[in-house]
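S.K.: Sequence first, predicted model second:
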Amino acid sequence: MSIKVKVRLRMSKFGEFFKSTRISLGYTLREFCLKYGLDPGNLSKIERGHLPPPQHDKLVEYAKYLKIKKGSDEWYEFSDLAHSESGTIPNDILSDKEVVDKLPVLFRTLRGEKIPNKKLDKLVRKLKGHN
């Protein structure tokens with residue numbers, strides 16, 4: 001069982017990205033919200049990291065308003081920031097069984113724990129092209 005840990009700083013990386021993209025399009029917060037029927041209070045909280053980033057359909061909706069094309073580098077940054085700050089793994093990653101099977105090794109590595117020799121040997125063989 002895993003526990004989601006929510007750490008909020010003054011400004012979230014997702015919020016910074018959202019705000020800078022909105023401003024680059026020439027919108028104030030109120031103008032943006034008025035144009036797209038959004039609540040300025042909630043959007044302000046998202047930009048400042050006081051509310052978690054949106055997920056799924058809402059994330060796609062906001063990307064559309066920000067002129068972020070799904071599948072672009074900007075989209076992946078937008079989506080990855082939202083998922084990382086929410087403590088979730090993007091669906092496109094979870095849908096790839098081969099990647100999901102490797103996640104435990106990644107998690108151990110990120111924690112600084114030793115990877116079992118058997119798994120390390122398998123990884124080295126794979127990298128050398130010797131499945």
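M.R.: Thanks, I have the structure now.

S.K.: Burial check on the closest residue in space to residue 108 that isn't next to it in sequence, number of neighbours?
M.R.: Distances taken as Cβ to Cβ, 6 or more residues apart in numbering put residue 115 closest to residue 108, at 5.7 Å, once the chain neighbours are dropped. (Each C-beta comes from the backbone N, C-alpha and C, glycine too.) By other Cβ atoms under 10 Å, 15 other residues sit near residue 115.

S.K.: tell me the contacts of residue 115?
M.R.: 105, 108-109, 123 (Cβ atoms under 8 Å, 6 or more residues apart in numbering).

S.K.: Can you give me the distance of the residue nearest to the spatial centre of the chain to residue 44?
M.R.: When Cα atoms, centre = their mean is applied to the chain, the residue found nearest the centroid is residue 80 (2.2 Å). When distance is defined by Cβ to Cβ, to the nearest Å, residue 80 is 23 Å away from residue 44.

S.K.: before we move on, what about residue 102?
M.R.: In terms of Cβ to Cβ, residue 102 sits 39 Å off from residue 44.

S.K.: Next: residue 118.
M.R.: 51 Å.

S.K.: Grab the nearest non-local neighbour of the residue nearest to the centre of the chain.
M.R.: residue 90 (6.8 Å).

S.K.: Pull the number of nearby residues for the one you found.
M.R.: By other Cβ under 10 Å, neighbour count at residue 90 equals 15.
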